[in-house]
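J.: Mind looking at a prediction? Sequence and model below.
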Amino acid sequence: MATKQAPTRQAITLKGSTNLVTEFFKYAANTILFQRGVYPADDFHMVKKYGQTVLVTQDLALENYLEKILKQVNKWLLTGSVTQLVLAIISKDTRTTMERWVFDINLVEQPESGDGPAPAKPESEIQAEIRNILKQIVSTVTFLPVIDEPTVFNILAYTSESADVPADEWVDTDPLAIEAGKSQQVKLRSFSTDVHRIEAMVAYRYEG
Amino acid sequence: MSRVDPQLSTAKRKQRTQVFTSHMAHASLERQLAALQTAKIDLESKLREKDVQIDRLEGDRRWLAEREQAEREEKERERTEREEEKRKSDTEIRSQRNAMRALREEFADLEDAHSTLSRQTSQTIAQQKAEISTMSRQLTRLQDQITEMQIIADDRSRAFETLQSQYDELLEAQDNTIARRSGEDENWTIVREELHRQASHLRSVEAANVKMTAELTVLRQRNASVEVLREQKRELERKLTAAEALNEKVVKLEAELEAARREREEWASNSTTPSRTPVSVTQSLSNLRLKNARLLEEHGSNVALLRRREMELAESEEREKELVNTCTKLEKEVEGLKDKVARADQRSALAEREVGFLQAMITSFTAEEAAQEDGDTTRVDSATRQRVHDLEKLLSEYKENSAKLEQQISDLGGDPASSGDMRPRKQLVEELEEERDRRIKAEAALKASTEVEEKHLVQIDKLEQTLFELQGEIGGGRHLPPGVRVLSLRDNPASQWEDLSRKAMERVKSENEALLKRLKEVEERIGTGPVNHGGEELVPRQSFEVAVQEKEELEDALKQKDKRLMRLKQIYAAKSEEFKEAIASILGLKLAFYPNGQVRVTSIFDLSASFVFQQAKNDDTGMTMQLVGAGEDSPEEVDQLMRYWVQEAQCIPGFLASITLECYEKSKRNA
């Protein structure tokens, strides 16, 4: 019975976990865009989420853009073909990459032991982890270099070669690297569901 | 006078000068006053202007304030009006809504009424149709009757006509034959009678007609009631069919009842003549039943008993097990106690032996005492007593010792050889040793493994650091893992910005081109004018500025280059000077290089001894020096040396060295 039940439960948790991760990306991207001043602060409004206040954009174009990306990312997550998501902040004038917010997506390995599936992680715990990451993103303002020029952003998805890519919408692109000698990085917290483990990191350009 | 005068005159002069200066000062002060007055007037006028301006501004301000006030009031009024209107509209809306609700309700009522009316009308229509059909049927019947009546009436009229004609004929006959009046009278009576009969018949027919119409109305009414009755009949028929089914059932039931009655009667007839056997059978049956019940009861009680017994059995088994356990325990205890008893026996035997020994001793002593009852006895007695006392003390000590040892043995778990389930102590000790060895080994292993672990931890730390750095490489986007594609939406904010700026650039470019074109046109148009002479073209200001900037940059670069070159020259000159000085101090020769490649060599000891060398290019040997000329007032020995060293030995360094020596000695001699 246990072996029969396991796959369905697995399928349910994969879908649920994918939705959770996708939602997390939405709020993380919004928080970064607000905190780093990529869009004016007036564009954002407050929303209750994960038991705290999160700022979400009201810019329709930006909302559509994020929605489109997250939809595709959700599909990729279900097939397990996306390994990394990067939010790059680029200077408008010099076109150099200022910051790269990297989210590594790892599949959690299920224990192979025969004593059935591991007990599901309570959602409250996952939410607490997500809350901590968002708080950390907010607190990074204290050590990241001040950006005092107009910037623009782009979201990159690192996928496997075999991934199913809608060719008319998505294109191969430059990884928007930061110069080797001028790059610093800080590892942020991570969170995990029963299926996915998300590790966050910020790499930034720093000319000391 | 002239004596007195000087002072006076000086005083006067002073006074005059003072007067003059005061006058001047006065004049200047007056001037200043005048200037100040004018300044004051200016300032006053300015002040007045300012006042006027201020007044004007004040007025403007007041006007504006009034305007503002008015506007505000107007706004207020408008707002109140708006509010009023809004309130009105709200109330209107509310009333309209109420009206709408009422209308809807009315509508619903009307719809209901409509539906009921339509139902009624349809019913009435159906009724009327039915009536119409019956009416039409009656009508046809009545028409038939009417046609019959007409036929009868026609017959009557025809008969009347014939009678008339007969009457006419008879009248004629009467006219013709007055004579035959008497006969005619008879005829007349007959005719009158006939007429009377006819009229009465007609009247009766008419009465019948009236009666029939009355009957017809009655019949019509009846017909309606008949329809109703028919309807009722149909209903009743339907009921009847149901009733028939019931009837059938009733019949069946009656039959059954009948059968049952008959049976009962039969039974009754049978019971009236009871036989012997059934009674006995029933009795036996009841007996058997009772027995059965009793047996069942017994069976139940037996089963309960069995269960109880089984339970008891299980309990007893458990008890037995417990007892066996306690038995084994007790046996062990018994064995221990036996050991103890054996030991106690041993002890008692020992004590008995001691007692025997002591008794023997006492007897021997008493014997001795008896034997030596003379003067020595008291001494011996005291000695022996002392000895006995010592021995007893010793004995008690031994006993104590032995008790202690026994206690120790029992503490250690009884006699190592005797205890049943316990292993001998030696074995235990051995095992203990083994355990200790094992423990030491394990500790050593633990230490080794902790060391290894520490090493591993250090390695892990290092690896984590490198991992972090490598993650930074990936995070910074400088490294792309193999088999990975980097994708982005085609329509993203960055590309939008890029497109925007590119568009702006292209726009500017096109504008620039258009402007250049326009410029050319303008040039062509004013090509004959005085501005354009000698093929000079108008240059756009932007590109001119760019060119100027470029020029400045280039000039800067040129200046820097010049500076560097000069510095290099200076350095070179300083170095060459140093070099020359070094040669002069080491070799005693001053060197001067000419731009044409010649070198002049002068000895520092004799400045008149100078020679000029030139580089000679030989085809094979490369470069050699060649003596070109010598100083004018060179010493006499120089010729000899020159001949020897230069012409014969072909060794210029040797020549120079000998010259140096010569000059040195000469200068020394002169000094």
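T.: Perfect, I can see it now.

J.: How confident was the prediction at the one residue sitting closest to the centre of chain A?
T.: Central residue of chain A (Cα atoms, centre = their mean): A:Phe25, 3.9 Å from the mean position. The per-residue pLDDT reported for A:Phe25 equals 94.

J.: tell me which element it falls in.
T.: Taking DSSP states H and E as the definition, one finds A:Phe25 inside helix A:2-35.

J.: Now find how far off-centre the helix or strand following that helix is within its chain.
T.: Per DSSP H and E, the first helix or strand lying C-terminal to helix A:2-35 is strand A:44-49. Here the centre of strand A:44-49 is set off from its chain's centre by 18 Å, with Cα atoms, centre = their mean, to the nearest Å.

J.: Just name whatever secondary elements strand A:44-49 is in contact with.
T.: helix A:2-35, strand A:52-57 (3 or more Cβ pairs under 8 Å, 6 or more residues apart in numbering or on different chains; DSSP states H and E). The way it works is simple: take the backbone N, C-alpha and C, and place the C-beta from them, glycine included.

J.: show me where chain B has helices.
T.: Along chain B, the stretches classed as helices by DSSP state H are B:4-176, B:181-272, B:276-371, B:377-411, B:425-475, B:493-525, B:541-587, B:637-641, B:652-670.

J.: looking at those, which one has the lowest mean pLDDT?
T.: helix B:637-641 (a mean of 77).

J.: what does that one contact?
T.: With contacts defined as Cβ atoms under 8 Å, 6 or more residues apart in numbering or on different chains, helix B:637-641 is touched by B:609, B:630, B:655, B:658-659, B:662.

J.: what about the closest residue to chain A within the stretch 151-300 of chain B, how many neighbours?
T.: Using Cβ to the nearest Cβ, the closest approach of the stretch 151-300 of chain B to chain A is made by B:Gly300 at 42.3 Å. By the criterion of other Cβ atoms under 10 Å in any protein chain shown, B:Gly300 has 10 neighbours.

J.: what's the spacing between it and B:Arg289?
T.: The gap separating B:Gly300 from B:Arg289 is 17 Å, by Cβ to Cβ, to the nearest Å.

J.: Next: A:Met98.
T.: Distance of A:Met98 to B:Arg289, computed by Cβ to Cβ: 105 Å.

J.: And these two? Which one has more around it.
T.: Shown here are A:Met98 and B:Arg289; by other Cβ under 10 Å, A:Met98 has more neighbours (21 against 10).

J.: Check the more buried one and give its pLDDT.
T.: The per-residue pLDDT reported for A:Met98 equals 92.

J.: Spell out the secondary structure type for it.
T.: Assigned by DSSP: H, G, I helix; E, B strand; the rest coil, the conformation of A:Met98 is strand.

J.: excluding its backbone neighbours, what's nearest A:Lys135?
T.: Distances taken as Cβ to Cβ, 6 or more residues apart in numbering or on different chains place A:Gln52 nearest to A:Lys135, at 7.8 Å, with adjacent residues excluded.

J.: Spit out the contact partners of the one you found.
T.: By Cβ under 8 Å, 6+ apart, the residues touching A:Gln52 are A:131, A:134-135.

J.: Among these, which one lies nearest to chain B?
T.: Here the nearest of the contacts of A:Gln52 to chain B, counting by Cβ to the nearest Cβ, is A:Leu134; it sits at 19.0 Å.

J.: Need the nearest residue in space to the closest one, chain neighbours excluded.
T.: What sits nearest to A:Leu134 in space, not counting adjacent residues and going by Cβ to Cβ, 6+ apart, is A:Thr31, at 5.6 Å.

J.: Any idea what the residue nearest to A:Lys135 is bridged to?
T.: A:Lys49 (DSSP bridges).

J.: where does chain A have low pLDDT?
T.: Applying pLDDT under 70 to chain A flags the ranges A:1-12, A:110-118.

J.: picking that back up, point out the one among the helices of chain B that comes closest to A:Ser17.
T.: With Cβ to Cβ, the closest approach to A:Ser17 among the helices of chain B belongs to helix B:425-475: 23.1 Å.

J.: Let me know which of the helices and strands packed on strand A:44-49 is the nearest to B:Lys338.
T.: Shortest distance between B:Lys338 and these, using Cβ to Cβ, is found for helix A:2-35: 59.7 Å.

J.: Relative to the whole chain's centre, how far out is the helix or strand containing A:Glu125?
T.: Per DSSP H and E: A:Glu125 is located in helix A:123-139. From the chain centre to the centre of helix A:123-139 is a distance of 13 Å (Cα atoms, centre = their mean).

J.: Correct me if wrong: A:Leu33 contacts A:Asp59.
T.: No - A:Leu33 is beyond contact range of A:Asp59, at 9.4 Å (criterion: Cβ atoms under 8 Å).

J.: what about those two, which has more around it?
T.: Remark: of A:Leu33 and A:Asp59, A:Leu33 carries more neighbours, 25 against 15, as counted by other Cβ under 10 Å.

J.: Now do the same contact list for that one.
T.: A:Leu33 neighbours (Cβ under 8 Å, 6+ apart): A:39, A:57, A:62, A:153.

J.: hmm, try it at 10 Å
T.: A:39, A:43-44, A:55-57, A:59, A:62, A:66, A:87, A:89, A:101, A:151, A:153, B:493 (Cβ atoms under 10 Å, 6 or more residues apart in numbering or on different chains).

J.: A:Tyr204: helix or strand, and which one exactly?
T.: Short version, using DSSP H and E: A:Tyr204 is in strand A:196-205.

J.: Which elements pack onto that strand?
T.: helix A:2-35, strand A:82-91, strand A:97-107, helix A:123-139, strand A:183-192, helix B:425-475 (3 or more Cβ pairs under 10 Å, 6 or more residues apart in numbering or on different chains; DSSP states H and E).

J.: next SSE after the fourth one?
T.: Remark: after helix A:123-139, the chain's next helix or strand is strand A:151-160, criterion DSSP H and E.

J.: And the next helix or strand past that following strand?
T.: Sequence order places strand A:170-172 as the next helix or strand after strand A:151-160, per DSSP H and E.

J.: and that following strand, what other elements does it pack with?
T.: helix A:60-79, strand B:484-489.

J.: Partner strands of it and their direction?
T.: The pairing partners recorded for strand A:170-172 under DSSP bridges are strand B:484-489 (antiparallel).

J.: what does the strand it pairs with rub up against?
T.: The contact list for strand B:484-489 (Cβ under 10 Å, 6+ apart) reads A:65, A:68-69, A:72, A:76, A:81-84, A:86, A:88, A:154-163, A:165-166, A:169-176, B:474, B:477, B:480, B:494-495.

J.: Report the buried members of the residues you listed.
T.: Among the contacts of strand B:484-489, those classed as buried by 16 or more other Cβ atoms under 10 Å in any protein chain shown are A:65, A:69, A:72, A:76, A:81-84, A:86, A:88, A:154-159, A:163, A:165, A:170, A:173, A:175-176, B:474, B:477, B:494-495.

J.: out of the contacts of helix B:637-641, which is most surrounded?
T.: B:Ile659 (25 neighbours).

J.: from memory it sits against B:Leu627, does it?
T.: No - with contact defined as Cβ atoms under 10 Å, B:Ile659 does not reach B:Leu627; the gap is 11.3 Å.

J.: Mutual contacts of the two, please.
T.: Taking Cβ under 10 Å, 6+ apart as the criterion, B:Ile659 and B:Leu627 both touch B:601, B:611, B:642, B:645.

J.: Of these, which is the nearest to chain A?
T.: Nearest to chain A among the shared contacts of B:Ile659 and B:Leu627 is B:Val601, at 58.2 Å by Cβ to the nearest Cβ.

J.: ok, how many other residues are close to the closest one?
T.: Here the number of neighbours of B:Val601 (other Cβ under 10 Å) works out to 20.

J.: what about it, distance to B:Arg643?
T.: 18 Å.

J.: Using the record's assignment, carve chain B into domains.
T.: Domain assignment for chain B by automatic domain parsing gives B:1-176, B:179-264, B:365-425, B:430-474, B:543-575, B:588-670.

J.: what number of residues lie near B:Gln598?
T.: Applying other Cβ under 10 Å, we find 15 residues neighbouring B:Gln598.
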